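J.: A structural model of the following input is requested.
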Amino acid sequence: MNEIIATTNAPGAIGPYSQAVKTAGGMLFVSGQIPLVPATGAVVEGGIVEQTTQVLENLKAIVTAAGYTLSDVVKTTVYITNMGDFGKVNEIYGKYFTENCPARVCVEVSKLPKDVLVEIDVIASK
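T.: This is a model prediction of the structure:
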């Protein structure tokens, strides 16, 4: 049976979805996170660096709440609104994923919820 993961240490879902779902087989699917501050629900102030950091902190909180660590992450998908920001996003991303880095896709999209600059989802496995 699947387990729904929810934590107040990351923004609550703003639609009909879960923060994450853990399967009986040990897979964890974390919904895309945008740079919302958990305490306020507001977009973090700043640019791509601050937004990427907040997204990764939100993901880390959800992964931790499920009993996993970032080193259990096997796949990420990064959505950015400007491929020119890729270098900055990659620099921050590299501070969170330092060894045995997960597989990754990064795509430029025309728009993200709340007009944020970045969204990331992850899949983890134990």
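J.: how about the strands in this structure?
T.: 3-5, 20-22, 27-33, 73-80, 103-108, 118-125 (DSSP state E).
J.: any idea of the angle the fourth one forms with strand 103-108?
T.: Looking back up the chat, that one is strand 73-80. Interaxial angle, strand 73-80 versus strand 103-108 (axes from the mean of the first three to the mean of the last three Cα atoms, to 10 degrees): 10 degrees.
J.: Packing partners of strand 73-80?
T.: Where contact means 3 or more Cβ pairs under 8 Å, 6 or more residues apart in numbering; DSSP states H and E, strand 73-80 is packed against helix 86-96, strand 103-108, strand 118-125. The way it works is simple: take the backbone N, C-alpha and C, and place the C-beta from them, glycine included.
J.: Of the ones you listed, give the one that comes closest to Leu59.
T.: Leu59 lies closest to strand 118-125 among the helices and strands packed on strand 73-80, at 5.7 Å (Cβ to Cβ).
J.: and the closest one, which strands flank it?
T.: Here strand 118-125 is paired, per DSSP bridges, with strand 27-33 (antiparallel), strand 73-80 (antiparallel).
J.: and the longest one, which residues are buried?
T.: Under the neighbour-count criterion of 16 or more other Cβ atoms under 10 Å, strand 73-80 has Val73, Thr76, Val78, Tyr79, Ile80 buried.
J.: repeat for the first one
T.: By neighbour count on 16+ other Cβ under 10 Å, the buried set for strand 27-33 is Leu28, Phe29, Val30, Ser31, Gly32, Gln33.
J.: okay, the residues you listed in JSON lines with distance to Gln19 next?
T.: Formatted as JSON lines, these follow (distance: Cβ to Cβ, whole Å):
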{"residue": "Leu28", "distance to Gln19": "11"}
{"residue": "Phe29", "distance to Gln19": "10"}
{"residue": "Val30", "distance to Gln19": "7"}
{"residue": "Ser31", "distance to Gln19": "6"}
{"residue": "Gly32", "distance to Gln19": "10"}
{"residue": "Gln33", "distance to Gln19": "8"}
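J.: with those residues in mind, which one is nearest to Ala124?
T.: Among the buried residues of strand 27-33, and counting by Cβ to Cβ, the member closest to Ala124 is Leu28, at 4.1 Å.
J.: With that, I have no additional questions.
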